[in-house]
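Peer 1: Fold the following, please.
(one chain, ligands or ions: 1)
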Amino acid sequence: MARNKVQFQKGLSEAQFSALYGTEDQCRDVVTQWRWPSGFVCPVCGGKQHSLVKTRALYQCTACRRQTSLIAGTVFASTKVPLSTWFRAMYHLTQSKGGLTQSKGGLTQSKGGISSIELGRRLGVTQTTAWKIKHKLMQVMMEREATKRLMGRIEVDDVDLGGERNGGKRGRGSPGKTPIVAAVETTPSGKPSRLKLRRVTGFRRAEITALANRNFDPASTIVSDGLRCFTGVSNAGCVHQPIITGSGRKAALIPAFTWVNPTLGNIKSAITGTYRAVPHKHVPRYLAEFEYRFNRRYDLAAMMPRLGYVAVRTPPMPYRLLKLAEDHA
Ligand SMILES: [Zn+2]
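Peer 2: Residues are numbered from 1 along each chain as shown. Purely as a prediction, here's the structure:
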């Protein structure tokens, strides 16, 4: 098999990471650059002159004397963990390869990143702390991904996540399962470019219309199987091209739309295998992590600083809300 671009992607090595982000001072400087790329600006008076209360990472405005915390208003806010630990967490979340592989001609990511148990072990913090850090960073990924729409030719399929494995009702929309729509934007030659994974309340027409409105460019062409709810994309302005499965007369009329892209199938097996035991309410964040990593697979080394840049622009997410989170689509 030909060498795959992703498998041979150079990530950020541990040595490079240590050189760039190894100390607390380095991490503070980097967060400062991310937050104020053109230098400190006082949020109260707009003043640019400041002094640094280094022990507490506070910036004091020379004009109005107001002290501003470097991490206030960011996803790192009110953390008891050093920034250098957050940086190591961002490193593990983005650089652990997660088994990106080429198989059966399609590209897939066989695993979602790192578990909070493993993350806790590597960071030397409790599992609860690791869980909070991981979920806050996944929240950053989710909010980032929410702003992007797929366009062009998009293949969609339904996925049932979790639920009873034995004795449970089988088939689409079974009780106890989390219904998900997987969508892959493809190049004209059928190669996958970007991915969206969205939880839905059910495989219903109106739900698919709402999902398409939020996530697909209206000029897109949506390719799906015959599941009826997918006709809902038409109401969002998209062109719908259902694949007629089987070998009937209709199938022969649209040879260009045979199901040729195994990536979607691989992604489906990857997420059903990895996130089987994830609580329903946290599913969107896990999917966002998978999606975020997939969509940035060609620029592995840059993934960490890009995540950090967005993290300082993502509002704080208290633990209480983190545990509740029930965001749809
Ligand atoms: Zn000021």
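
Peer 1: What is the neighbour count of Thr55?
Peer 2: When counting by other CB atoms under 10 Å, one arrives at 6 neighbours for Thr55. For the C-beta atoms, the positions are set from N, CA and C on the backbone; glycine is no exception.

Peer 1: Next one: it, what pLDDT does it get?
Peer 2: pLDDT, Thr55: 76.

Peer 1: Number the chain from 892, please
Peer 2: Let's use 892 as the start, then, which means that last one is Thr946.

Peer 1: secondary structure element for Thr976?
Peer 2: helix 974-986 (DSSP states H and E).

Peer 1: so what secondary structure elements neighbour that helix?
Peer 2: Helices and strands touching helix 974-986, by 3 or more CB pairs under 8 Å, 6 or more residues apart in numbering; DSSP states H and E, are helix 905-912, helix 915-926, helix 1007-1014, helix 1018-1036, helix 1191-1202.

Peer 1: so of these, which one's packed in deepest?
Peer 2: Highest mean neighbour count among the helices and strands packed on helix 974-986 (mean count of other CB atoms under 10 Å): helix 1018-1036, with a mean of 22.

Peer 1: Who are the packing partners of that helix?
Peer 2: The contact analysis (3+ CB pairs under 8 Å, 6+ apart) places helix 1018-1036 against helix 974-986, helix 1007-1014, helix 1174-1186, helix 1191-1202, helix 1210-1215.

Peer 1: what about the helix holding Thr976, distance to the chain center?
Peer 2: On the basis of CA atoms, centre = their mean, to the nearest Å, helix 974-986 sits 16 Å off its chain's mean C-alpha point.

Peer 1: Make TSV from the helices and strands packed on helix 1018-1036 and add mean pLDDT and distance to the ion to it.
Peer 2: Below are the helices and strands packed on helix 1018-1036 laid out as TSV (pLDDT from 0 to 100; distance: least, CB to the ion, whole Å):
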stretch	mean pLDDT	distance to the ion
helix 974-986	95	24
helix 1007-1014	94	35
helix 1174-1186	92	36
helix 1191-1202	94	24
helix 1210-1215	87	30
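
Peer 1: Pretty sure Trp925 sits against Gly1199.
Peer 2: Yes - between Trp925 and Gly1199 a contact is recorded at 5.8 Å, counting by CB atoms under 8 Å.
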